[in-house]
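Colleague: structure for the following, please:
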Amino acid sequence: MARILFITHPEVVIDPDVPVPDWPLSETGVARMTAFAESPAVAGVTAVRSSAERKARDGAAILGRTLGLTPQVEPDLHENDRSATGFLPPDAFWPVVERFFAEPETSIEGWERAVDAQARVVGAIERIRAGEKTPGNIAVIAHGGVGALALAHFSGKAIGRAHDQPGSGGGNLFVLERDSGRLLRGWHSIDG
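Modeller: Down below sits the predicted model:
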């Protein structure tokens, strides 16, 4: 059975002077993504899609290079739009994240509403699922916030922080059946 691997980018270089969508993978993130790209977990991947954000493109490039595939950007896979606040230090960021998940129909601090981000990312996954012509597995490299929203949808659950990826550095995945969109496996680390 063909699958969709929804993968969150691993660790990034956090730089308050650089717009968040332009942050690259860190050395740790590159190492983790490289090891994942060489693992049996990506056997059967015949297509790679990613968010347009640099950290996701970096991860997709590593996976594509290893598998001999050319990644394609799906613009609607981007993280929830937080441009209204830009970079927030952790002590300011996490309370806004809590509200983002707790009040999904409200724009928190000008951020994209969770319900809108969920509809956008689920729509992107559905378009990829319906439109990809290769017969194998599809790797989708995106972000933790929209990943949590997508996982809630494909689990048939309400939006909530409970669906957030484990850990704090990214580099996790969940797996869907490609034909039906049925959730096969929840969050687990790209490390195995």
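
Colleague: how far is the longest helix seen in the chain from where the chain is centred?
Modeller: Ranked by residue count, the top helix of the chain under DSSP state H comes out as helix 114-131. Its chain's average C-alpha position is 12 Å from that of helix 114-131, according to CA atoms, centre = their mean, to the nearest Å.

Colleague: got it, and stretch 174-190?
Modeller: On CA atoms, centre = their mean, the centre of stretch 174-190 falls 13 Å from that of its chain.

Colleague: so what touches it?
Modeller: The contact list for stretch 174-190, computed with CB atoms under 8 Å, 6 or more residues apart in numbering, reads 1-7, 10, 32-33, 35-36, 39, 41, 125-126, 129, 137-138, 147, 151, 154-155, 165-167, 171-173. Glycine gets a C-beta too; all of them are placed from N, C-alpha and C.

Colleague: now do the strands in this protein.
Modeller: Counting by DSSP state E, the chain has strands at residues 3-8, 45-50, 72-73, 137-142, 172-177, 183-189.

Colleague: go through those and name the closest to Val96.
Modeller: strand 3-8 (19.1 Å; CB to CB).

Colleague: could you verify my assumption that Gly171 touches Gly29?
Modeller: Yes. Contact criterion CB atoms under 8 Å: Gly171 and Gly29 qualify, at 7.1 Å.

Colleague: shared neighbours, these two?
Modeller: With CB under 8 Å, 6+ apart, Gly171 and Gly29 have common neighbours 9-11.

Colleague: ok, and the most crowded of those?
Modeller: Sorting the shared contacts of Gly171 and Gly29 by how many neighbours each has (other CB atoms under 10 Å) puts His9 first, at 32 neighbours.

Colleague: sorry, back to before: of the contacts of stretch 174-190, buried ones?
Modeller: 2-7, 10, 32-33, 36, 41, 125, 129, 137-138, 147, 151, 154, 165, 171-173 (16 or more other CB atoms under 10 Å).

Colleague: before we move on, the earlier item: return the most buried member of the strands of the chain.
Modeller: Of all these, strand 137-142 carries the top mean neighbour count, a mean of 26, counting by mean count of other CB atoms under 10 Å.

Colleague: about what we covered before: which stretch among the strands of the chain comes nearest Val121?
Modeller: Nearest of these (CB to CB): strand 137-142, 7.1 Å.

Colleague: contacts for the closest one?
Modeller: Contacts for strand 137-142 (CB under 8 Å, 6+ apart): 2-9, 42-51, 56-57, 59-60, 63, 71, 74, 77-79, 121, 125, 128-129, 132, 178.

Colleague: ranges for the helices of the protein?
Modeller: 27-37, 54-67, 90-102, 114-131, 144-155.

Colleague: give me the distance between Val97 and Gly110.
Modeller: 14 Å (CB to CB, to the nearest Å).

Colleague: many thanks, I have nothing further to ask.
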